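[1] build me a model:
(chains A and B)
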Amino acid sequence: DAKTTQPTSMDCAEGRAANLPCNHSTISGNEYVYWYRQIHSQGPQYIIHGLKNNETNEMASLIITEDRKSSTLILPHATLRDTAVYYCIVSGGTSYGKLTFGQGTILTVHP
Amino acid sequence: DTGVSQNPRHKITKRGQNVTFRCDPISEHNRLYWYRQTLGQGPEFLTYFQNEAQLEKSRLLSDRFSAERPKGSFSTLEIQRTEQGDSAMYLCASRDTSGQSTDTQYFGPGTRLTVL
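    From the prediction side, this is the model:
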């Protein structure tokens, strides 16, 4: 699976949009970009995934660049409960679904 | 859909003891994964099952570890002769591969193991 690079930490004010970047320059054509988050002492929570097109669901939006070498997860109105570690993962192809987690980005939402 | 459940949520044991964890995946999910997460690190893949068949094991899964999924539903992960280095969060995830081309996995809450 392609590797991803994320900032170690980010801050965001409550009510503002949180934009979390991820680089995945070695992504293959059949690999998806997944985002999960993990709140302290809980299991990872699926947020969103995409292949080429931008995606939106009730939790977040995912913007994937045209060359697919990077993406941005957007939480449109961050709340204190969004404070968590956010993982960007590239998976697909012959990986049989194994997810390779990196260090992730620690997002802290401030009042 | 009740989600992935894991039991127990916490386990404290003495070094050298055996422990067993259980994972109940989302109903009808045919793939089940086990991961381990140590403090400050992201989860690491241990093994996965397609129905009852164990198809891949990570090098992290030493011979003291064994996993089963006897009827293709729930799974157990056993650690024999536990060591302090086994202290970690053990996570289970499941996925439905029928008719889908994505790898979306849904995780349970994890079992936190502390080996004294």
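
[2] just checking: what are the partner strands of the helix or strand harbouring residue B:33?
    Here residue B:33 is covered by strand B:31-37, with elements defined by DSSP states H and E. Sheet pairing here is set by DSSP bridges, and for strand B:31-37 it gives strand B:44-50 (antiparallel), strand B:88-95 (antiparallel).

[3] do you know the pLDDT at residue A:55?
    On the pLDDT scale, residue A:55 is placed at 95.

[4] before we move on, what about the one 5 residues further on?
    Per-residue pLDDT puts residue A:60 at 97.

[5] just list the residues touching whichever residue of chain A sits closest to chain B, thanks.
    Of all residues in chain A, the one sitting closest to chain B is residue A:101 (3.0 Å; Cβ to the nearest Cβ). From N, CA and C alone the C-beta is placed, and that goes for glycine too. Contacts here follow Cβ atoms under 8 Å, 6 or more residues apart in numbering or on different chains; on that basis residue A:101 touches A:36, A:44, A:87, A:89, B:42-44.

[6] just the ones of those residues in strands?
    Residues of the contacts of residue A:101 located in strands (DSSP state E): A:36, A:87, A:89, B:44.

[7] just the residues you listed now: which is nearest residue B:38?
    residue B:44 (8.0 Å; Cβ to Cβ).

[8] so the closest one bridges to which residues?
    Going by DSSP bridges, residue B:44 forms beta bridges with residue B:36.

[9] ok, for whichever residue of chain B sits closest to chain A, nearest residue in space, not its chain neighbours?
    Distances from chain B to chain A, computed as Cβ to the nearest Cβ, single out residue B:42 as the nearest residue at 3.0 Å. Closest residue to residue B:42 apart from its sequence neighbours, by Cβ to Cβ, 6 or more residues apart in numbering or on different chains: residue A:101 at 3.0 Å.

[10] tell me the pLDDT of the residue nearest to residue B:75 when sequence neighbours are not counted.
    Counting by Cβ to Cβ, 6+ apart, residue B:75 lies nearest to residue B:69, which is 4.2 Å off, once chain neighbours are set aside. Here the pLDDT value assigned to residue B:69 is 96.
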